[in-house]
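Asker: Could you look at this predicted model? Sequence included:
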Amino acid sequence: MAAQTNVLDFIKYQGLGNDFILVDNRHQKEPLVTAEQAKSICNRNFGVGGDGVIFALPPEGDVDYTMRIFNSDGSEPEMCGNGIRCLARFVAEKDSSGPVTHRIHTLAGLIQPTLQEDGQVCVDMGPPILSGPQIPTSLQPTQGEAVVQAKLAVEGQEWLMTCVSMGNPHAVTFGTADGKGIKVDNLDLAHIGPRFEHNEVFPARTNTEFVEVLSPSHVRMHVWERGAGATLACGTGACATVVAGVLEGRLDRVCRVDLPGGPLQIEWREADNHVYMTGPALPVFAGSMELK
Ligand SMILES: N[C@@H](CCC[C@H](N)C(=O)O)C(=O)O
């Protein structure tokens, strides 16, 4: 008797080079692949290759559908900014008469991407979370409940960290306590990134953003992602960067964030305290693979 094979259909998408395997999972509540399988699928030599696997699941509550994601190390984050733009485009292509604004349930709550006529996707990412224990970090609050420019010793330097959750945890640094700013091109991310990600002050690990300010409305940012390492872009990280920059008095509420994969436009809107992210999302190829 022939062994039964389990074939996964997917479309690979990318948002500024942050790349994902998208799966239409709207017919069943559980993701079609396990965390371990996601890790193999993301492998760039032995699998499809990607920074994560994203599932469109049936709606939970009063929404259009639910999103879940596995990082390339198989861990499950609460949210993904570039990923949710890709997901909105993916579902829109499948349901050509679907809504322009999608209401998506995530582990970080309700997120609403809007497909713009110019092909970009603008996402209402909701309000940032600033309370240390909720981020979570054990770094002590310095501005009310917020952890702003808290000192953290890593690799013999005291880094100034501002912590922000966009549903998932971020630690943003513009430089060290001796007044040295960041030059993103000089960073050895593969060496330094894990020392932040796994630092004991971040009990759920963290994404870390290293930011070079070009002007109050324009920065360069390189990211070390929890569960995925150095990626070409991070949407939630770009949002956290602008929130941190505003809290530190360095940035305007409307700011362009240049990532290795390209720019994102971010606004932390005073009127509703929500963060809005605008950027691209593009299909790369469709495929199917046998799941082991
Ligand atoms: N690249 C994403 C963030 C993905 C999740 C992150 N690695 C985490 O574990 O929190 C983005 O664009 O936001």
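Answerer: Sure thing, it's come through. Numbering: from 1, shown residues only.

Asker: neighbours of the residue nearest to P113 when sequence neighbours are not counted, just the number please.
Answerer: In this structure, P113 finds its nearest non-sequential neighbour in A88, 3.9 Å apart by Cβ to Cβ, 6 or more residues apart in numbering. C-betas here are computed from N, CA, C, even on glycine. Neighbours of A88 under the rule other Cβ atoms under 10 Å: 28.

Asker: Mind checking what secondary structure A88 has?
Answerer: helix (DSSP: H, G, I helix; E, B strand; the rest coil).

Asker: separation between it and N82?
Answerer: Counting by Cβ to Cβ, to the nearest Å, the gap from A88 to N82 is 11 Å.

Asker: thinking again about what came up before, contacting residues around the residue nearest to P113?
Answerer: Taking Cβ atoms under 8 Å, 6 or more residues apart in numbering, we find A88 in contact with H102, I104, P113, L115, V121, V123, A281.

Asker: run the last query once more with 7 Å
Answerer: H102, P113, L115, V121 (Cβ atoms under 7 Å, 6 or more residues apart in numbering).

Asker: SS state for the residue lying closest to H198 once chain neighbours are set aside?
Answerer: Computed as Cβ to Cβ, 6+ apart, the closest residue to H198 that is not its neighbour in sequence is R205, at 6.3 Å. For R205, the assignment made with three-state DSSP gives coil.

Asker: Residues of the stretch 51-200 of the chain that sit close to the ligand?
Answerer: N71, P77, C80, G81, N82, G83, N168 (Cβ under 6 Å from any ligand atom).

Asker: Show me these that map onto strands.
Answerer: N71 (DSSP state E).

Asker: Among the residues of the stretch 51-200 of the chain next to the ligand, which are located in helices?
Answerer: Among these, the members found in helices (DSSP state H) are G81, N82, G83.

Asker: Mind pulling the model confidence for the last one?
Answerer: It stands for G83. Here the pLDDT value assigned to G83 is 98.

Asker: Isn't it up against G52?
Answerer: Yes. Assessed by Cβ atoms under 7 Å, G83 is found in contact with G52 at 6.3 Å.

Asker: Which neighbours do these two have in common?
Answerer: Between them, G83 and G52 share the contacting residues F20, I69, judged by Cβ under 7 Å, 6+ apart.
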